[in-house]
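S.K.: pasting a predicted model and its sequence here:
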Amino acid sequence: MTLAGKSALVTGGAKRVGRALALALAERGCRVAITYRTSASEAKRTLREIEQRGVQGLAVKVDQRKPAQVRRAVAQVLKKFHGLDILINNASSFDATPLEKVTDRQWEEAISANLTGPWWFAQVAGPLMKRRGSGKIINLIDVSIVSPWPDYLPYSAAKGGLATLTLGLAKALAPQVQVNGIAPGPILFPSSVTAAERKKALEKTLLKKEGSPDDLVAAALFFLEGSDFVTGVILPVDGGRRLA
């Protein structure tokens, strides 16, 4: 796929990895829409940075746990860009949920934010791409699909479901649309992670270091512009964390 002139939607694109992905696409000439839920100021900044790269941008407030808002967001992108070629499901939530303390609400939040939301975006965008004859979807998953974290079981379960969904979408949307996933390891630790927890996590990687958003950008660009003959793949970008 040649990215210049294409239209992309990056969920959770206001900050962190989503921002890096959105700006990388803009630098390659993509029109880029981002979604956000609470990060309004960050979304405005990222939108400004997208437009500074000489392409159209759009920032849409969305709670992806609500299907009506997802459908409305995609409709706004189509109205602004007159099409959609790329969907990157990056938005997620990540909260500690020890087994005996998990509430019904926490379980539902983890599944809705990390699995159901990406499903709704793909359910709307995927068939549109298929009818147009081409498109690419990338789902940001997690290394925890290989070794789930006991204190984050709802999150790990949701990401495991997203991995399965990725493979199923690759089959359902073939041959016109390629669907792949990226499973990051320790990249941009949340602010809630202590120095001791960070050190412990890095020791469990084979490379003994933290990755950067650029590593995920490189993986995404391979799926987008590196080949049109790859689909149904989940690429670990984890410093070897899954093997440790």
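M.R.: That came through, no problem.

S.K.: ramachandran angles for the closest residue to residue 134 other than its chain neighbours?
M.R.: Leaving aside its chain neighbours, residue 134 sits nearest to residue 176 (5.7 Å; criterion: C-beta to C-beta, 6 or more residues apart in numbering). C-beta here means a position set from N, CA and C on the backbone, and glycine is covered the same way. With angles defined as degrees, to the nearest 10, residue 176 sits at phi -70, psi -30.

S.K.: just give me the neighbour total for residue 176.
M.R.: 14 (other C-beta atoms under 10 Å).

S.K.: with residue 5 instead?
M.R.: 11.

S.K.: can you tell me the helix or strand for it?
M.R.: For residue 5, there is no enclosing helix or strand under DSSP states H and E.

S.K.: same deal with residue 49?
M.R.: Applying DSSP H and E, one finds residue 49 within helix 40-52.

S.K.: what residues sit buried inside that helix?
M.R.: 42-43, 46-47, 49-50 (16 or more other C-beta atoms under 10 Å).

S.K.: quick one: contacts of it?
M.R.: Contacts with helix 40-52, where a contact means C-beta atoms under 8 Å, 6 or more residues apart in numbering, come from 13-15, 19, 22-23, 26, 32, 34, 36, 57-59, 61.

S.K.: next helix or strand past the longest helix seen in the chain?
M.R.: For the chain, the longest helix by residue count, based on DSSP state H, is helix 153-172. Per DSSP H and E, the first helix or strand lying C-terminal to helix 153-172 is strand 177-184.

S.K.: send me that following strand as PDB with only the CA atoms.
M.R.: This file holds the C-alpha atoms of strand 177-184, laid out as PDB (Å, rounded to 0.1, in the frame of the first residue of the first chain):
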ATOM      1  CA  VAL A 177      -8.500  -6.500   3.400                       C
ATOM      2  CA  GLN A 178      -5.400  -7.500   5.400                       C
ATOM      3  CA  VAL A 179      -5.800  -7.800   9.200                       C
ATOM      4  CA  ASN A 180      -2.800  -8.200  11.500                       C
ATOM      5  CA  GLY A 181      -1.900  -7.600  15.100                       C
ATOM      6  CA  ILE A 182       1.100  -6.300  17.100                       C
ATOM      7  CA  ALA A 183       1.800  -7.700  20.500                       C
ATOM      8  CA  PRO A 184       4.000  -5.200  22.400                       C
END
